[in-house]
Structure formats: structure tokens, C-alpha cells
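*Asks:* next comes the sequence, and after it the predicted model I'd like to discuss.
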Amino acid sequence: MNVFHEQRGRIALYTSPRTKEGATIAMLIELIGQPHCIHLVHSVKEIKHDDASAYASLPVLFDVTSEGKKAGASGVTDIARYLLTQYDAEHHFSYKEGSKEGEEVNNWIAFLSKTIHGDNPEELYTRKSLRLYLHLEEHLQKARSPYLVGKKCTLADLVIFPYVAGASEANLDLERFPELTTWHDRLVRNPHVAKGMKDVYLKA
């Protein structure tokens, strides 16, 4: 079965249900407005695709552009880079590579990774989340901008949003962080963000 031929001009995302990484990519695909289908699977082995064996872990994305160019990527960083390079040439949801704002986006992604998935696996998820929330609250108070980097929703927002939307998982009350709550509510009102979360069975 030649999936690429059948799905020309349509992105296929394979991700596990209820995963924050899958939600980030699902939201990004919604925002860039490309036709797509999302397949909820539990491992790469479940992907019925000739090229699936090239990837070790989820999420995995396959794309064939309208010109017939085939592409594939796995992992949030590589998938997001592909999507933004291919479909956000005018930088509606990104900043130019090498720009100050572009570096800020990268710094937020690195900060999330270090805080949540960092060096201390023994640390409780609640403590990690609390540290993340306090940092976000302080930043939003000082920055006085609607999003984490400037005036547009970027990958920085989309990567962090599922962790804030899942405050109850960390036994935290989001309302204790007024600026963060305002940021969260702003994103929830974006129908593309809400749909991306829903598509992977996560509550926004």
C-alpha cells in the first residue's frame, strides 16, 4: 500500500494518545492549517507504513507535499522544525532562525526539557511542575506580552501548554498563578489549540 501516493498533500501524524508531545504537534498542524490525519498508536510497530522502521519512537510524521515531495520526521523538535520550515515561510507562528526571538523560543523548549525531564529523576513531578509554573508566572508578569515570546503563539507556547493544562496531574491549582491562568485561557480560546488537544484525548 503506497500511503504517500494516496495521501498527497495530507500530513499523517502517528502519536500515542494523551501524550503532551503528540498534543504539541497536533496543535501546530492545526495552526498551520494543513490537511492532516492523526493516528493514535502505542508504538512505532503499529504504524502501517513502509518507512516506519526508520524511526525508533513516537511521535512520527509523514508528509507528501502537493508537489509530491516525500518527507518524514520523528520527535517533537524535528517534526516542528520540518512543519515550520515547510509551511510557515511567512513566520506567522515562528521567528527567523538566528533572531533574538527565535533564540528565546529555543530557550523555553530547553528550559521545559531540563525542568520536567532533567537531571533529577527522583524529584517529584509536582515539584518540577511547581518550579515550571513559578518561572512562567514571573516571566509573564515582567514581559506583559500575550505569549511567551512576543505577540504571537509559537512553539514555545505549544510545547509548554499541555503541562499547564494538566495542572491537576501535578496536584497544583492553576488559579494560584493569575498571569499563567490568563495565558492558559487565552490559548484555550484558540480553536486550533483546543482541537489539537482534543485530537490526542487531552483536556485543554
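*Replies:* It's in. Note that the structure is predicted; figures quoted are calculated from it, not measured. Numbering: from 1, shown residues only.

*Asks:* and stretch 58-67, what's buried?
*Replies:* Across stretch 58-67, burial judged by 16 or more other C-beta atoms under 10 Å covers 58, 59, 60, 61, 62, 63, 64. The C-beta positions use only the backbone N, C-alpha and C, and glycine is treated the same way.

*Asks:* cool, stretch 140-159 as well?
*Replies:* Per 16+ other C-beta under 10 Å, stretch 140-159 contains these buried residues: 140, 147, 148, 149, 150, 153, 154, 155, 156, 157, 158, 159.

*Asks:* helices and strands of the protein: which one bottoms out on pLDDT?
*Replies:* The weakest-scoring helix or strand in the chain, judged by mean pLDDT, DSSP states H and E, is helix 3-6 (a mean of 44).

*Asks:* tell me the contacts of residue 88?
*Replies:* Going by C-beta atoms under 8 Å, 6 or more residues apart in numbering, residue 88 touches 32, 94.

*Asks:* cool, the one 4 residues further on as well?
*Replies:* Shown in contact with residue 92 (C-beta under 8 Å, 6+ apart): 31, 32, 152.

*Asks:* what's the span of stretch 174-181, first residue to last?
*Replies:* For stretch 174-181, the first and last residues are 6 Å from each other (C-alpha to C-alpha, to the nearest Å).

*Asks:* repeat that for stretch 36-44.
*Replies:* Using C-alpha to C-alpha, one end of stretch 36-44 lies 19 Å from the other.

*Asks:* list of residues touching that stretch?
*Replies:* 7, 10-17, 26, 29, 47, 52-53, 55-58, 60, 199-201.

*Asks:* can you give me the buried ones in stretch 94-107?
*Replies:* So, applying 16+ other C-beta under 10 Å, buried residues of stretch 94-107: 94, 95, 101, 102, 104, 105, 106.
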